[in-house]
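Undergrad: Need coordinates for the below:
(2 chains)
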Amino acid sequence: MDSIDHVERRARMRYEGARLRRALIGFAPVLVVVILAARFSQRPSSALGFGLAMFAMGIVLLWYGRDLKRAVLPGIAAGLLPLVLVLCANHVKHVCLGGTCMTLCVPACAVGGIVAGLATSSVGVRHKSRVAFWLAMSALALLTGAMGCSCIGHGGVVGLALGFGAGTVPGLLKGLFSGRSHARS
Amino acid sequence: MDAIQDPTLDMLVARLADGDRSTFTTVFKMLWPPTLRLCMSMLKNEPDAWDAAQQAMEKILSRASDYDPRRPALPWALAIAAWECRTLARARTRRREVSGQTAAEPTVDGPEEAVMQQNLVQAALAAMGHLSEKDRETLVATYWDEAASGATLRKRRERALARLRRAFRRLYGLD
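TA: Okay, the predicted model is just below:
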C-alpha cells in the first residue's frame, strides 16, 4: 500500500500523460497540412521547419488547455488563408507589368497576412479574450502561414508578419475602445 | 451534501477537464474517500481495496479530460472505480482458483454501500439514456423478468446489452 501523496503524484502523472496523448491524437491531422505544404512549397526544408514548430506549439497549447486550447483551431484556420494563397500564387511564378517582372510570393504573403490578421482579431474581439489567447492564436496563424511564405526566404515571412500586424490593428483598436467604453459605463 | 450530485465536485472536475491544474489536489481529496469506501465494500479486504482504489484514482484522473460537465462527477468516477474493483476481484478469483482456494464475489451492503450502489445505478441509467426506446424496453423487461422467451427476443436482448456496454464504455472510458 502506497501513501496517499504517492498515489496523488502517480495520478497526476497519468493525468498529464493522458492530456499529452489526447493532444497528440487531436492535433495529428495537422501533420497532413505540414506534409502537403512541404510537398508543394519551393523550400520544403523551411516549410517543414515552420510546420514542425507549429505542430509542437499546437500540442503544447492543447496539452495546457484552458483559454490557450481554444486558440488552436482559429489560429490554424487563420494561418491556412495565407498558406493556401501563397501555395497557389507560387504556381504562377511571376507576373510582368510594363517592363518589370516580380514574383507573387511577397504580395500574396502580405495580402494573406492581412486577411489572417483580420480573421484572428475578429475572433479575439468576439470572444473578449485575454492577451495570452491573442498571442497563441497569432503565433499559430503566423507559423502556419510561414510554411508557404518561406518561398523567397525571409522576405515572404516578413511580408506575412507585416500584413498580419496591419490586419490585427482594426480589431485591436475595436477591442481597446470597447474596453474603455465598458469601463466608463 | 447530496451523495449523488455535488455541484462543487462537478464544477471542480469540469475545470480539471479544461486543464485547470489548481483543482487537481482538491478533486483528488474529494474523490479518494468515496472511491476507497466503494472498493472496501466491494472487495471486503483492505489491501485489495487499497490497490483497487489506487488504480481507480489513477484511471479516473487520467480520464478527467474526457469528463462531460453535463453529467454528475461522482457517479462517473465511481463507475470507473467499480469497474476497477471488479477487474481486480476477477483477477484475484482466477488466481485463487488456480491455487485451489475459494474467493468471495464482490458484494455491496450497508447504508454507505447503498449510496454507492445508487451512484452506480445512476451511471448505468445515464448510459441507458443513450439507447433507443426499443433497446431500453428490452433491457427493462429483461431486468423485471418480463421478457418473453424466443430466439428473436434473445438476439434483441444481446444486441441491446452490447449497445449498453458500448455506451457505458463511451461515457466512462472503460475497456
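Undergrad: Walking through the chain, point out its helices one by one.
TA: Picked chain A for this. Under the criterion DSSP state H, chain A contains helices at A:4-27, A:30-40, A:44-64, A:66-69, A:72-92, A:105-126, A:131-149, A:154-184.
Undergrad: Can you look at chain B instead?
TA: According to DSSP H, the helices that chain B contains are B:7-18, B:24-43, B:46-62, B:73-98, B:111-128, B:133-143, B:151-172.
Undergrad: The first one packs against which elements?
TA: Think helix B:7-18. The contact analysis (3 or more CB pairs under 8 Å, 6 or more residues apart in numbering or on different chains; DSSP states H and E) places helix B:7-18 against helix B:24-43, helix B:73-98. (Each C-beta comes from the backbone N, C-alpha and C, glycine too.)
Undergrad: Give me every residue in chain A that's in contact range of chain B.
TA: A:1-2, A:4, A:7-8, A:10-12, A:14-15, A:17-19, A:22, A:64-66, A:69 (CB under 8 Å from any CB of the partner chain).
Undergrad: If we use 10 Å, what do you get?
TA: A:1-2, A:4, A:6-8, A:10-19, A:21-23, A:61-70 (CB under 10 Å from any CB of the partner chain).
Undergrad: Of all residues in chain B, which one is closest to chain A?
TA: Nearest residue of chain B to chain A: residue B:19, at 1.9 Å (CB to the nearest CB).
Undergrad: and the closest residue to chain B within chain A, how many neighbours?
TA: The nearest approach of chain A to chain B comes at residue A:65, 1.9 Å away (CB to the nearest CB). With neighbours defined by other CB atoms under 10 Å in any protein chain shown, the count for residue A:65 comes to 20.
Undergrad: so how far is residue A:14 from it?
TA: 16 Å (CB to CB, to the nearest Å).
Undergrad: ok, back up a step: wait, the residue of chain A closest to chain B touches residue A:26, no?
TA: No: in this structure, residue A:65 is not within contact of residue A:26 by CB atoms under 10 Å, at 11.4 Å.
Undergrad: Okay, now the unreliable bits of the chain?
TA: Just going to use chain A. A:1-2, A:93, A:128-129, A:179-185 (pLDDT under 70).
Undergrad: Actually, chain B is the one I wanted.
TA: For chain B (pLDDT under 70), the answer is B:1-5, B:96-118, B:129, B:140-141, B:143-150, B:172-175.
Undergrad: how is it carved up into domains?
TA: B:7-109, B:129-175 (automatic domain parsing).
Undergrad: got TSV for the ones you listed, with mean neighbour count too?
TA: Shown next, in TSV, are the domains of chain B (neighbours: other CB atoms under 10 Å in any protein chain shown):
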stretch	mean neighbour count
domain B:7-109	19
domain B:129-175	14
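Undergrad: Residue numbers of chain B in contact with chain A?
TA: B:15-21, B:24-25, B:27-29, B:31-32, B:36, B:46-47, B:49-51, B:53-66, B:173.
Undergrad: same thing but 6 Å
TA: B:18, B:19, B:28, B:50, B:54, B:57, B:58, B:61, B:62, B:64, B:65 (CB under 6 Å from any CB of the partner chain).
Undergrad: closest to residue A:57 among those?
TA: residue B:19 (15.8 Å; CB to CB).
Undergrad: State the distance from the nearest residue to that closest one once chain neighbours are set aside to residue B:60.
TA: Leaving aside its chain neighbours, residue B:19 sits nearest to residue A:65 (1.9 Å; criterion: CB to CB, 6 or more residues apart in numbering or on different chains). Distance, residue A:65 to residue B:60, using CB to CB: 18 Å.
Undergrad: what does residue B:69 give?
TA: 15 Å.
Undergrad: same question, residue B:46
TA: 20 Å.
Undergrad: go on, residue A:9?
TA: 15 Å.
Undergrad: What of residue A:138?
TA: Distance from residue A:138 to residue B:60, by CB to CB: 36 Å.
Undergrad: try residue B:167
TA: 19 Å.
Undergrad: cool, residue A:78 as well?
TA: The value you get for residue A:78 to residue B:60, if CB to CB is used, is 37 Å.
Undergrad: if you skip the residues just before and after it, what's nearest to the residue nearest the centre of chain B?
TA: Geometric centre of chain B, nearest residue: residue B:79, 1.6 Å, by CA atoms, centre = their mean. Among residues not flanking residue B:79 along the chain, residue B:123 sits closest, at 3.8 Å (CB to CB, 6+ apart).
Undergrad: try residue A:54
TA: Residue A:54's closest residue in space is residue A:143 (CB to CB, 6+ apart), at 3.7 Å.
Undergrad: Pull the contacting residues for the nearest residue to residue A:102 once chain neighbours are set aside.
TA: Distances taken as CB to CB, 6+ apart put residue A:94 closest to residue A:102, at 6.0 Å, once the chain neighbours are dropped. By CB atoms under 6 Å, 6 or more residues apart in numbering or on different chains, the contact list for residue A:94 reads A:101, A:102, A:103.
Undergrad: Look up the residues forming beta bridges with the last one.
TA: Partner residues in beta bridges with residue A:103, using DSSP bridges, are residue A:94.
Undergrad: Residue A:159 versus that one, what's the distance?
TA: Taking CB to CB, one finds residue A:103 at 11 Å from residue A:159.
Undergrad: The first one now?
TA: When CB to CB is applied, the distance between residue A:101 and residue A:159 equals 18 Å.
Undergrad: Looking at the two, which one has more neighbours?
TA: Between residue A:101 and residue A:159, counted using other CB under 10 Å, the more crowded position is residue A:159 (23 against 10).
Undergrad: Next up, the contacts around that one.
TA: Contacts of residue A:159 (CB under 6 Å, 6+ apart): A:106, A:109, A:110.
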